[in-house]
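Asker: show me how the following folds:
(one chain, ligands or ions: 1)
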Amino acid sequence: MSYDDGNIFARILRGEIPCDKVYENDHALAFRDIAPKAPTHVLVIPRGPYETLHEFAEKGSDAELAGWVRAMAAVARAEEVTEGGYRATVNNGRHGNQEVPHVHAHIVGGRQLGGAPRG
Ligand code: 5GP
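Answerer: Presented below is the predicted three-dimensional model:
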């Protein structure tokens, strides 16, 4: 599979489409989901051209992976959901119902969430 650099998150990374930015570091960008499922619903994406979590986990550098995970923690801290708790979810590939082909973590919180995972 080759990375589609016309996908919506690639376009957000290039600044071609606006986003509601929450946080960024050298390796990751975080912005609010356009259709939030909870008071906090932020997407955290690596800057590199990785389609799935699986590809990123296998091919991403240690610095990229660390930058992405630390960005999730920074987002949770900025959104003040660390005390109440939150969910970090990555949908991976077709069976995982991944819609946008650029790896992204959903940081969801700010209210009591239902049990997970669900099929
Ligand atoms: P997935 O199902 O791939 O894990 O999640 C994709 C997420 O991207 C969805 O929650 C959807 O609401 C969000 N999304 C889709 N297009 C856009 C967009 O243009 N901007 C933002 N901020 N979020 C988007």
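Asker: what does the chain have sitting close to the ligand?
Answerer: Counting by C-beta under 6 Å from any ligand atom, the chain comes close to the ligand at 8, 19, 31-35, 43, 91, 97-100. Backbone N, C-alpha and C define where each C-beta goes, glycine included.
Asker: which members of these are the farthest-apart pair?
Answerer: Greatest spatial distance among those (C-beta to C-beta): 19 and 97, at 21.7 Å.
Asker: of these two, which one has the most company?
Answerer: residue 19 (19 against 8; other C-beta atoms under 10 Å).
Asker: helix, strand or coil: sort out the residue nearest to that one when sequence neighbours are not counted for me.
Answerer: Nearest residue to residue 19, sequence neighbours excluded (C-beta to C-beta, 6 or more residues apart in numbering): residue 31, at 3.8 Å. Counting by DSSP: H, G, I helix; E, B strand; the rest coil, the backbone at residue 31 sits in strand.
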